[in-house]
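> Pasting a predicted model and its sequence here:
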Amino acid sequence: MFRILGELWPSWGGKVTKPPRGKLFYIPQRPYMTLGSLRDQIIYPHTFEEMKRRGKTDADLFKYLDIVQLRLLVQQREKGLDSIEDWIDVLSGGEKQRIAMARLFYHHPQFAILDECTSAVSVDVEGSMYEYCRQVGITLFTVSHRKSLWSHHEYVFRFDGRGGSEFRKIEGTSDEFGS
């Protein structure tokens, strides 16, 4: 048995470990926007020098912006990725969430915790972002009220709001769960 939020849960054995630094990434519903360029938003907390040292290029960033459907954001600015603005005020909620997903793609961790991080993103863009994670092998742990996301996962751990919960393999399509 082990405890979660003070409740006892059955244990099936094994060992829980925290992945090493750099292997786990967290994206909240309202992602952090740093002072700096558009490039800085994507590579945060890395610097441009660190980006180059890791072998990443602006072409990689454009690829990630294409996946999150934000290349137009760069094309609309005279300085492109070097544009500096007050991004927290300039970007919509959905754009900030998509920038955070581009950041995830740039860092390419083994695991990612996505906490309502696509709540302001359309279902089609959300689907392409989740599909990309699957393609590149990023294991996702999603916290969400959107059952449409279940189609991108193998298991669900659902709390009923009354102290109970359910953990099970997801069978069938997301139609089973509603929207």
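The structure has been received and is ready for your questions. Residues are numbered from 1 along each chain as shown.
> Can you report how many residues neighbour residue 42?
Neighbourhood size, residue 42 [other C-beta atoms under 10 Å]: 28. Where C-beta positions appear, they are placed from N, C-alpha and C, glycine not excepted.
> oh sorry, the question was meant for residue 130
Counted with other C-beta under 10 Å, residue 130 comes out at 21.
> The nearest residue to residue 102 once chain neighbours are set aside is in what secondary structure piece?
Of all residues not flanking residue 102 in the chain, residue 64 sits nearest, at 4.0 Å (C-beta to C-beta, 6 or more residues apart in numbering). Element membership of residue 64, judged by DSSP states H and E, is helix 58-67.
> got a list of contacts for the next helix or strand after that helix?
Per DSSP H and E, helix 58-67 leads on to helix 71-75 as the next helix or strand towards the C-terminus. By C-beta atoms under 8 Å, 6 or more residues apart in numbering, the residues outside helix 71-75 that reach it are 38, 62, 65, 80-81, 83, 91, 95.
> Return the members of the residues you listed classed as buried.
38, 62, 65, 81, 83, 91, 95 (16 or more other C-beta atoms under 10 Å).
> Tell me which of these fall in strands.
Using DSSP state E to define strands, no part of the buried ones among the contacts of helix 71-75 is located there.
> Give me the subset of these that lies in helices.
Among the buried ones among the contacts of helix 71-75, the residues falling in helices (DSSP state H) are 38, 62, 65, 95.
> isn't the third one right up against residue 103?
No - using C-beta atoms under 8 Å, residue 65 makes no contact with residue 103, being 10.9 Å away.
> can you list residues touching both of these two?
residue 42.
> now residue 117, nearest residue through space, not along the chain?
residue 27 (4.1 Å).
> Correct me if wrong: the one you found contacts residue 114.
Yes - using C-beta under 8 Å, residue 27 is in contact with residue 114, at 5.3 Å.
> distance between stretch 123-130 and the chain's centre?
11 Å (C-alpha atoms, centre = their mean, to the nearest Å).
> same question, stretch 50-63
19 Å.
> Could you pull up the mean pLDDT of that stretch?
Across stretch 50-63, pLDDT averages out at 97.
> in that stretch, what counts as buried?
Buried residues in stretch 50-63, defined by neighbour count with 16+ other C-beta under 10 Å: 51, 56, 58, 60-62.
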